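S.K.: below are the sequence and a predicted model; questions follow.
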Amino acid sequence: MARKRKGNPVHGWVVLDKPYGLGSTSAVGKVRWLFQAQKAGHAGTLDPLATGILPIALGEATKTVPFLMDAAKSYEFELTWGANTTTQDAEGEITATSSVRPEESEILAALPQFIGHITQVPPKFSAIKIDGKRAYDLARAGEEVEIKSREIRVDDFRLLRADDDKASFAVDCGKGTYIRSLARDLAAALGACGHVTILRRTRVGPFTLDKSTRLDALAITLAEMEQTCDRGAVSEALLPLSTALDDIPGLAVEEQDATDLRHGRAIDLPSSDISRSCDWVLAMEAGREVALCEARDGKLLPKRVFNL
């Protein structure tokens, strides 16, 4: 007999506005404890020195994490001129200095080369695995770390403001983009030294800090979450499992078809233009998520079944 999980069967997304100094794993543990959830995970690590959007999946929502990992992201960051560091942020040791302070016109002229599909070498202090070990663990142990370049996608790279010693930027990008590396490469292209001193993630897929957009997908702080849980209104901080799947079409299925899908059995593809034109379909029954399915050869094949 399988061991029963401890905690409550809580399912859905919590969009945390992560505070400065808190690691992503610690943040997930805190949220899981607040909700007394059986299972939790996050969609995209944020460094302890970064703040902003950290989507946390509870219960069956953890099955949708891979879909959110592929989502577009937005960041705002501050680059301080004058010094390179080992970590490419304010936490590391200084490795080089420069008196060069780029003019605003020079910065604006350099930005276009970092937009589009470009190659980037991730930081040595990062969560990338090398021979099964995290790069940051190897770097902290003093081992020489060689990380291969890889292709990333930057949709937009904007200068927000600039003064003598600092400049602030906004970036819209695809998965796998390291803002610290982007800042490092921009500084190098300008013949300067620089490192990230402020980093804030403002959007992950449908989840945002922007109150002018989707109010149902806004991030909340830990303090707000604690207050909500203390007054027993947990559901107010919990977003539906399907919120992270806003780009996947939903398809209503009948009760018998829902039962088949829940048991891992394929069903005939309903006569729907939506299901025939998409790779992924979210099967719904009576407003409840049943399964994420692949549409193939006239069939709906359940790939991730939700036990709700």
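M.R.: Noted; the coordinates are in hand.
S.K.: and stretch 71-91, what's buried?
M.R.: 71, 73-89 (16 or more other CB atoms under 10 Å). C-beta coordinates here come from the backbone N, C-alpha and C atoms, glycine included.
S.K.: so which residues of the stretch 1-150 of the chain form helices?
M.R.: Under the criterion DSSP state H, counting those that start in this stretch, the stretch 1-150 of the chain carries helices at the ranges 24-35, 65-69, 104-110, 135-140.
S.K.: ok, of these, where does mean pLDDT dip lowest?
M.R.: Mean pLDDT is lowest for helix 135-140 out of the helices of the stretch 1-150 of the chain, coming in at a mean of 60.
S.K.: what is the mean pLDDT for the helix or strand following that one?
M.R.: Once the chain leaves helix 135-140, the next helix or strand it forms, by DSSP states H and E, is strand 150-162. If you average the pLDDT over strand 150-162, you get 97.
S.K.: ok, residues contacting strand 150-162?
M.R.: Residues outside strand 150-162 that contact it (CB atoms under 8 Å, 6 or more residues apart in numbering): 72, 76, 104, 107-108, 111, 114-122, 167-174, 176-177, 182.
S.K.: before we move on, the earlier item: sort out for me which of the buried residues of stretch 71-91 are in strands.
M.R.: Mapping the buried residues of stretch 71-91 onto strands (DSSP state E) picks out Lys73, Ser74, Tyr75, Glu76, Phe77, Glu78, Leu79, Thr80, Trp81, Ala83, Asn84, Thr85.
S.K.: quick one, what contacts the second one?
M.R.: By that I understand Ser74. With contact set as CB under 8 Å, 6+ apart, Ser74 has these partners: Ala170, Val171, Asp172, Cys173, Arg201, Thr202, Arg203.
S.K.: quick check: Ser74 vs Asp172, distance?
M.R.: 5 Å (CB to CB, to the nearest Å).
S.K.: let me fix that: Leu108
M.R.: 17 Å.
S.K.: the two: which is more packed in?
M.R.: In terms of neighbours (other CB atoms under 10 Å), Asp172 is the more surrounded of Leu108 and Asp172; the figures are 18 against 13.
S.K.: wait, the more buried one sits on Ala72?
M.R.: Yes. Using CB atoms under 8 Å, Asp172 is in contact with Ala72, at 6.5 Å.
S.K.: residues shared between the contacts of those two?
M.R.: Residues touching both Asp172 and Ala72 (CB under 8 Å, 6+ apart) are Asp155, Arg203.
S.K.: including distance to Lys6, could the helices of the stretch 1-150 of the chain go into JSON lines?
M.R.: Below are the helices of the stretch 1-150 of the chain laid out as JSON lines (distance: least, CB to CB, whole Å):
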{"stretch": "helix 24-35", "distance to Lys6": "11"}
{"stretch": "helix 65-69", "distance to Lys6": "21"}
{"stretch": "helix 104-110", "distance to Lys6": "52"}
{"stretch": "helix 135-140", "distance to Lys6": "30"}
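S.K.: which one, of those, ends up nearest to Met284?
M.R.: Comparison of those against Met284 by CB to CB identifies helix 65-69 as nearest, at 15.9 Å.
S.K.: residues of that closest one that come out buried?
M.R.: Buried residues in helix 65-69 (16+ other CB under 10 Å): Val65, Phe67, Leu68, Met69.
S.K.: excluding covalently adjacent residues, which one is nearest to the third one?
M.R.: Closest residue to Leu68 in three dimensions, ignoring its sequence neighbours and counting by CB to CB, 6 or more residues apart in numbering: Ala43, at 4.0 Å.
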